[in-house]
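Enquirer: I'd like to go over a predicted model; first the sequence, then the structure.
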Amino acid sequence: MPALGLGTWRADKGEVAKAVTEALNIGYRHVDCAHVYGNEVEVGEALKASSVPRQELWVTSKLWNNAQRPENVRPALENSLRDLGLDYLDLYLIHWPVQLSHNVMYPQSGKDLLPWTEAHALETWNALEACVQAGLVRHIGTSNFSTKKIQPLLDNGSIQPAVSQVEMHPYLQQNGMRNYCRAKGIAVTGFAPLGSKHRPSHQHKEGEPSLLDHPEILAMAERLGTTPAAVLLGWAVTRGTSVIPKSTNPDRLRQNLAAADLELSEADLTIVEGLDMRYRFLDGCHWVMEGSPYTMKNLWDGE
Ligand SMILES: NC(=O)c1ccc[n+]([C@@H]2O[C@H](COP(=O)([O-])OP(=O)(O)OC[C@H]3O[C@@H](n4cnc5c(N)ncnc54)[C@H](OP(=O)(O)O)[C@@H]3O)[C@@H](O)[C@H]2O)c1
């Protein structure tokens, strides 16, 4: 999996095909998608129009929370394949350890949310394994799972998760997840590496910290003759994780890709280590509401 990929969440339908085309032209080979982003058709148009051979591309998509029942898994994957115009995915992730009723895209009330159980997770996982056997996807993995929720898949599955995709940046360094995955041979991909400023307004909290403006990050960027975004992305890649910044802007696409070659020194890594505050920009609070089986505690398992 190429270490530096392109994020596509909230890349508008009118912009995303242009961004993917530009990204592929300048050398991106990894695109992170999801059914729920609502733009896989446009991403697919750009993939189809590109002259990059399929085997050189890494395309990830994600199973939405309303399609986790085993009978819904393969149809959901086939839907993403159709939208993206592909015969197979490189990676398919369970988007959240959160279950929605099949006919619900976003919960309107707690009744739309069904509990997460180990037995349910294993049924979904087994259905994903069948998709691997059928040649529809090369690798399967998890997204927003704690290590506690990954472990039963390792214990009981016949295919182990290839990737754990989680929010990760200097304010949420995820050392527990990183060490766990390293020990188990699971790759880690970090999302929201730049602080996800473009996420919906209801997900912003008053007074939240800004990553791109942190004085240490600004000073490091100046010293290294690069941009704050490049420092954040270089940090992720130097730590051996992959990272998927979203941009639809040609200059920033270029800047972000170049950061894959920026190796932070031990001294700079130590400075960034001091910035961890276990702060989630995307804390999943939209799954927690009256009547919902989800709490911040059982969602993240305290990790
Ligand atoms: N698994 C999950 O649950 C999950 C959750 C969230 C995200 N993701 C994935 O991770 C990707 C990245 O996360 P994200 O989209 O939340 O946020 P992000 O990549 O941290 O931030 C994207 C924002 O930063 C701006 N930006 C991009 N490059 C920049 C640069 N060099 N300098 C300054 N600003 C820059 C973008 O604007 P412009 O476009 O205008 O450049 C956009 O507003 C998503 O797109 C998605 O593919 C997965």
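Expert: It's in.
Enquirer: for the closest residue to the ligand within the chain, what are its contacts?
Expert: The minimum distance from the chain to the ligand, using Cβ to the nearest ligand atom, falls at Gly7 (2.4 Å). Just so you know, the C-beta spots here come from the backbone N, C-alpha and C atoms, and that holds for glycine as well. Neighbour list for Gly7: Asp32, Phe191, Ile244, Pro245, Lys246, Ser247 [criterion: Cβ atoms under 8 Å, 6 or more residues apart in numbering].
Enquirer: who's it bridged to?
Expert: Note on Gly7: beta-bridge partners Asp32, Lys246, judged by DSSP bridges.
Enquirer: re earlier: now for the contacts of Gly7: which two are most distant?
Expert: The distance between the two most remote of the contacts of Gly7 (Cβ to Cβ) is 13.6 Å, for Phe191 and Ser247.
Enquirer: is any part of stretch 171-179 close to the ligand?
Expert: No: using Cβ under 6 Å from any ligand atom, stretch 171-179 never reaches the ligand; the gap is at least 11.4 Å.
Enquirer: make that stretch 145-164, sorry
Expert: No: judged by Cβ under 6 Å from any ligand atom, stretch 145-164 stays clear of the ligand, getting no closer than 10.1 Å.
Enquirer: element containing the residue located most distally from the centre of the chain?
Expert: Computed with Cα atoms, centre = their mean, the maximum C-alpha offset from the centroid of the chain is found at Arg223, amounting to 29.9 Å. Assigned by DSSP states H and E, Arg223 belongs to helix 215-224.
Enquirer: Give the rounded mean pLDDT of that helix.
Expert: The average pLDDT for helix 215-224 rounds to 97.
Enquirer: Would it count as contacting the ligand?
Expert: No: Helix 215-224 does not reach the ligand (Cβ under 6 Å from any ligand atom); its nearest approach is 10.4 Å.
Enquirer: Show me which residues of the protein are close to the ligand?
Expert: Checking the chain against the ligand by Cβ under 6 Å from any ligand atom, the hits are 7-9, 32, 95, 143-144, 165, 191-199, 212, 227, 229, 244-249, 252, 255-256, 282.
Enquirer: which residues of this protein fall in strands?
Expert: With DSSP state E, the ranges of strands along the chain come out as 6-7, 30-32, 58-63, 89-94, 99-100, 113-114, 137-143, 163-167, 187-191, 242-243.
Enquirer: From the chain's centroid, how far away is the fifth one?
Expert: Spelled out, it's strand 99-100. Relative to the chain's own centre, strand 99-100 is displaced by 18 Å; criterion: Cα atoms, centre = their mean, to the nearest Å.
Enquirer: From the contact counts, what lies against that strand?
Expert: The contact analysis (3 or more Cβ pairs under 8 Å, 6 or more residues apart in numbering; DSSP states H and E) places strand 99-100 against strand 113-114.
Enquirer: Please list the outside residues in contact with the strand it packs on.
Expert: By Cβ under 8 Å, 6+ apart, strand 113-114 touches Val98, Gln99, Leu100, Ser101, Pro107, Trp287, Met289, Gly291, Ser292, Pro293, Tyr294.
Enquirer: Just put those in TSV and tack on neighbour count and pLDDT.
Expert: Formatted as TSV, those follow (neighbours: other Cβ atoms under 10 Å; pLDDT from 0 to 100):
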residue	neighbour count	pLDDT
Val98	23	98
Gln99	23	98
Leu100	19	98
Ser101	13	96
Pro107	20	97
Trp287	23	97
Met289	15	96
Gly291	10	97
Ser292	19	98
Pro293	15	98
Tyr294	23	98
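Enquirer: Of those residues, just say which sits nearest to Asn156.
Expert: Relative to Asn156, the closest of the contacts of strand 113-114 is Gln99; by Cβ to Cβ it sits at 18.1 Å.
Enquirer: And the nearest residue in space to that closest one that is not next to it in sequence, how close does it get to Thr238?
Expert: Excluding the flanking residues, the one nearest Gln99 by Cβ to Cβ, 6 or more residues apart in numbering is Leu114, at 4.2 Å. Look at Leu114 and Thr238: by Cβ to Cβ, to the nearest Å, they are 40 Å apart.
Enquirer: Between those two, which is the more surrounded one?
Expert: Leu114 (20 against 17; other Cβ atoms under 10 Å).
Enquirer: per-residue pLDDT, the more buried one?
Expert: 98.
Enquirer: cool, and the one 3 residues further on?
Expert: Among the per-residue scores, Thr117 shows a pLDDT of 97.
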